[in-house]
Every structure is written in C-alpha cells, then in structure tokens.
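Asks: take this sequence and fold it.
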Amino acid sequence: MPLAGSQKLTEELGYGVARIECETPGGVQCGTGFFFAFLLENGKRSPCLVTSRHVVEGARSGRFFLTGKPGDTRAQEFRINDLQDRCHPHPDPSVDLVLLFVGINLQALRSEGHALHVTYLSRSAILPREQRTALAALEEVAVLGFPLGLADPQQTQPVVRLGVTATHAGLPYGGAPEFLIDAPCHAGLGGAPVFLRVPALPGEGGVPQRSPGVALVGVLVAQRHASLHGGEGGVEPIVGHLRGGQAVPAAPRAGSPAPLGVVLNTDKILDFEPLVRAMVHGYVSKY
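Replies: Purely as a prediction, here's the structure:
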C-alpha cells in the first residue's frame, strides 16, 4: 500500500519497518529496514527493503520480523539465506545503503495463509528537495525502528525516538549527502527511516489548512562522536549485536559527549531506481 498523504503516512508508519537479525561468523547483528516501492516505467511498483550495508555485512542468513497489528504478540517473519549476496549495494560504495528484493518472500508468506499488513514508502512520502532546502536549521524529526533493549519483547510494534536536526537537513554535512540529528541513536536503529514531523497548518475559522503528518527525509546509518580532550572521535556505524538472545552493550567512550546521528538524505534512496528498473527488466539479476 504505497502512501501519498502525510496524515495517512502517520497512521500507517509502523507497518513500513522490519526488525533484522543477521547470522554472521562473529555472531548475530541487528538493525532496522524499511519497505520502499520503486516506481517502474509502466507505472507499476517494485517492492524492496532498504537498510544500512553495515547491518547485513558478513551475513550468512537473515531473519526479517514484520510489524503486526496492535495486540499481536508474535511477529510474522521470513528468512533469507546467503543474505549478503542477495543484497544490492548502493552504486556509490561510500554510501552505507543496500537494497533487497522482498516481493517473493512476502508473497510466500501470503501463500501460506498469513494475513500481512505492509506499508511501502515511495517517492510521494519523500520531502521534495526544494522543500528540504527551505527548512529551518532546527526541525523536529522522528526515528522509527527497533532499538536493542527498548523494543517491546511482548509486542511487534516499533519504537519511535524523537529529536531535532543538529545540522540543516538540506545542506551536505562535510560535503557528503548527509546531515546530523540530535536524537537517541541506539544499537538496532541502523537502517531506520528518519521522518520530519510536519505540523498542522492553521487556516481560517480555526479549520486546519493542512493536517499534521510526517515526511521521509533520510536513513539513519551511523553516529558521529566528538573528539574532545584527546578522546577518540569519528564516525561509527550503528549495528546492534546479540549474544544468547540478549543485547550486547556498546563499550562506553570516556570524555566524549553523546554522539549525533548521521542521516543519509533521500536522494541516496532514489539512486537505486535505475538499478531496480534494470533488474526488473532482467538486465541485472535480482537474486
């Protein structure tokens, strides 16, 4: 169900993300992915899942847990073997994103009698570039995903973390296609979609001219640490780790303030569109 309106997108937001657990030689890596429907030349859409490349790096297999309806205590899931080989990296190797075709997996679940409710983001959910450059330096954002240690073990719903832009969302931070946010960047949120919160626009007579909603502005992939008093700074990919089914806590960084989140802008998502079309036409193998 591709979404066109920001208010409807708010209502369906939770059904557009999946929790990812990857089996690697070093243990279980965790992150978040989101469903995105890429537009084809014939007007049809190709369902894919987008996440951070670091989440699936070295993955021999992966489990994908879908969001259920409120009250569901068991998530629908599907498994993909040889996961890293099935993922298509971004055309620019410096961009920490991969794409995975999941239509066949979702169809298999439906064929087994599972009633799925999956929301696909699309171009219409993205804040247009001209509107992004017109944003204020300080905007409220929401990160949607499955942070380790905070995601509800009894429910299948994702967690929403709120924050603000730390650098302008329409300007390339350090010359890269990214910006920074001041929001909790817990392990497990690598690959999570980041949304701009769009406030209601008042109209005449107290009737709102625009309903409140959200718009997709990027993908959370890393955290940036400041280097103070000789401490270690730099950028660290956000990848969660499990041991024995329990979250492995990250090593604390002494003498450093809380890190900022690194968000790739939505132009990098749309860079996949020519690749998706080539795959659908059979010029490049999906699998």
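
Asks: if I look at the residue most central in space within the chain, how far off is residue 104?
Replies: Nearest to the geometric centre of the chain sits residue 192, at 2.7 Å (CA atoms, centre = their mean). To residue 104, residue 192 is 24 Å away according to CB to CB, to the nearest Å. All C-beta atoms are positioned from the backbone trio N, CA, C, and that covers glycine.

Asks: any idea what the residue nearest to the centre of the chain is bridged to?
Replies: residue 220 (DSSP bridges).

Asks: thinking it is in contact with residue 142, fair?
Replies: No. Judged on CB atoms under 8 Å, residue 192 makes no contact with residue 142 at a distance of 9.9 Å.

Asks: tell me who's in contact with residue 189.
Replies: Taking CB atoms under 8 Å, 6 or more residues apart in numbering as the criterion, residue 189 is in contact with 31, 32, 143, 145, 146, 147, 161, 220, 238, 240.

Asks: just checking, the fourth one touches residue 17?
Replies: Read that as residue 145. Yes. Assessed by CB under 8 Å, residue 145 is found in contact with residue 17 at 6.0 Å.

Asks: so who does residue 82 touch?
Replies: By CB under 8 Å, 6+ apart, the contact set of residue 82 is 60, 61.

Asks: centre of the chain to the host helix or strand of residue 33, how far?
Replies: Taking DSSP states H and E as the criterion, the element that holds residue 33 is strand 27-39. On the basis of CA atoms, centre = their mean, to the nearest Å, strand 27-39 is displaced by 6 Å from the centre of the chain it belongs to.

Asks: could you point out which element follows it?
Replies: strand 45-51.

Asks: count residues in the vicinity of residue 107, would you?
Replies: For residue 107, the count of nearby residues is 12 (other CB atoms under 10 Å).

Asks: and it, what helix or strand is that in?
Replies: Going by DSSP H and E, residue 107 is in helix 103-111.

Asks: helices and strands around that helix, which ones?
Replies: Helix 103-111 is packed against strand 45-51, strand 77-81, with contacts defined by 3 or more CB pairs under 8 Å, 6 or more residues apart in numbering; DSSP states H and E.

Asks: packing partners of the last one?
Replies: Think strand 77-81. In terms of contacts (3+ CB pairs under 8 Å, 6+ apart), strand 77-81 is packed against strand 61-66, helix 103-111.

Asks: which positions in that strand come out as buried?
Replies: For strand 77-81, burial by neighbour count (16 or more other CB atoms under 10 Å) applies to 77, 78, 80.

Asks: residue contacts, residue 49?
Replies: Residues counted as contacts of residue 49 (CB under 8 Å, 6+ apart) are 18, 33, 34, 35, 36, 64, 99, 100, 102.

Asks: residue 181 now?
Replies: 141, 143, 163, 164, 165, 166, 194, 220, 260, 261, 263.

Asks: dig out what it forms beta bridges with.
Replies: With DSSP bridges as the criterion, residue 181 is bridged to residue 165, residue 261.

Asks: distance check, it against residue 20.
Replies: 21 Å.

Asks: likewise for residue 120?
Replies: From residue 120 to residue 20 the distance is 17 Å (CB to CB).

Asks: I'd say residue 23 and residue 58 touch.
Replies: No. With contact defined as CB under 8 Å, residue 23 does not reach residue 58; the gap is 9.3 Å.

Asks: could you verify that residue 197 is part of a strand?
Replies: Yes. Counting by DSSP: H, G, I helix; E, B strand; the rest coil, residue 197 is found in a strand.

Asks: surely it and residue 144 touch.
Replies: No. Between residue 197 and residue 144 there is no contact under CB under 8 Å: 11.7 Å.

Asks: and the closest residue to residue 170 other than its chain neighbours, backbone torsions?
Replies: Nearest residue to residue 170 in three dimensions, chain neighbours excluded: residue 133, at 3.8 Å (CB to CB, 6 or more residues apart in numbering). When read as degrees, to the nearest 10, the backbone of residue 133 gives phi -70, psi -20.

Asks: contacting residues around the nearest residue to residue 92 once chain neighbours are set aside?
Replies: Nearest residue to residue 92 in three dimensions, chain neighbours excluded: residue 271, at 7.3 Å (CB to CB, 6+ apart). Residue 271 makes contact with 90, 91, 92, 95 under the criterion CB under 8 Å, 6+ apart.
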